[in-house]
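Peer 1: Next come a sequence and a model predicted from it.
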Amino acid sequence: MKIKIPELRLLILLLSIVLLSACGFQLRGDYGLEQRLGKTNLQLADEYSGFSRKLVRSLERAGVELVAIEAADSIIIISKSEFTREVLSIGNDARVREFRLSLEVGFSVVAASKPGDTVDAETLVRLKPRVLKQQRDLRFDAGRALATSRESEFLQEDMSDTLVRQFMQRLSQMDLL
């Protein structure tokens, strides 16, 4: 029996699907945060930073309803969003050769208390204060100063993306309300 090319492709496709499902592969779905957080108030240390803008978009895409503090069930507190640049090495000509770029984000999640509630501070904490940090090294070339500056911006965006993903994963691992 001779198998034709379209039938062979279909067979390979079906075999691939069976193998992927057998190994436990799943597409990454949403984080399911709307059940974990309920209505959420977001308090940002710097609302204009790249990290903050990306975080707001990610929370909204995950189905989190961002509301004023009076209507909130949970409060996400971004206490620190700090980008730093430190010199790693200096050349023989007394010019900087390498930088280390760092982005550090501090956060916690607390349950919102309504007026008249008598709860201690310990029961309000849903996710203890944590710090996430990303670092990238950047080699500076005086002959390509504009390109190096642009590369620094790309690295900062990449660090922001990585920290937002890590933050969302931490939220998705948090206990339910």
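Peer 2: Received the coordinates, thanks. Please read all numbers here as calculations on a predicted model, not as lab measurements.

Peer 1: which residues touch the closest residue in space to residue 91 that isn't next to it in sequence?
Peer 2: Closest residue to residue 91 apart from its sequence neighbours, by CB to CB, 6 or more residues apart in numbering: residue 97 at 4.7 Å. Yep, even glycine has a C-beta here, placed from its N, CA and C like the rest. Residue 97 makes contact with 88, 89, 90, 91, 139, 140, according to CB atoms under 8 Å, 6 or more residues apart in numbering.

Peer 1: So what pairs up with the third one in the strands?
Peer 2: In other words, residue 90. Here residue 90 sits in beta bridges with residue 96, as judged by DSSP bridges.

Peer 1: what about it, neighbour count?
Peer 2: For residue 90, the count of nearby residues is 11 (other CB atoms under 10 Å).

Peer 1: cool, and the second one?
Peer 2: By other CB under 10 Å, the residues close to residue 89 number 12.

Peer 1: Ignoring the adjacent residues along the chain, who's closest to residue 98?
Peer 2: That would be residue 88: by CB to CB, 6+ apart, it lies 4.0 Å from residue 98.

Peer 1: whoops, residue 54 was the one
Peer 2: Counting by CB to CB, 6+ apart, residue 54 lies nearest to residue 164, which is 4.7 Å off, once chain neighbours are set aside.

Peer 1: Let me see the confidence value for the one you found.
Peer 2: At residue 164, the model reports a pLDDT of 95.

Peer 1: where exactly do the strands run in this structure?
Peer 2: 39-44, 65-66, 74-90, 96-111, 125-139 (DSSP state E).

Peer 1: Pipe the ones you listed into JSON lines and attach mean pLDDT per row.
Peer 2: Shown next, in JSON lines, are the strands of the chain (pLDDT from 0 to 100):
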{"stretch": "strand 39-44", "mean pLDDT": "93"}
{"stretch": "strand 65-66", "mean pLDDT": "92"}
{"stretch": "strand 74-90", "mean pLDDT": "91"}
{"stretch": "strand 96-111", "mean pLDDT": "91"}
{"stretch": "strand 125-139", "mean pLDDT": "91"}
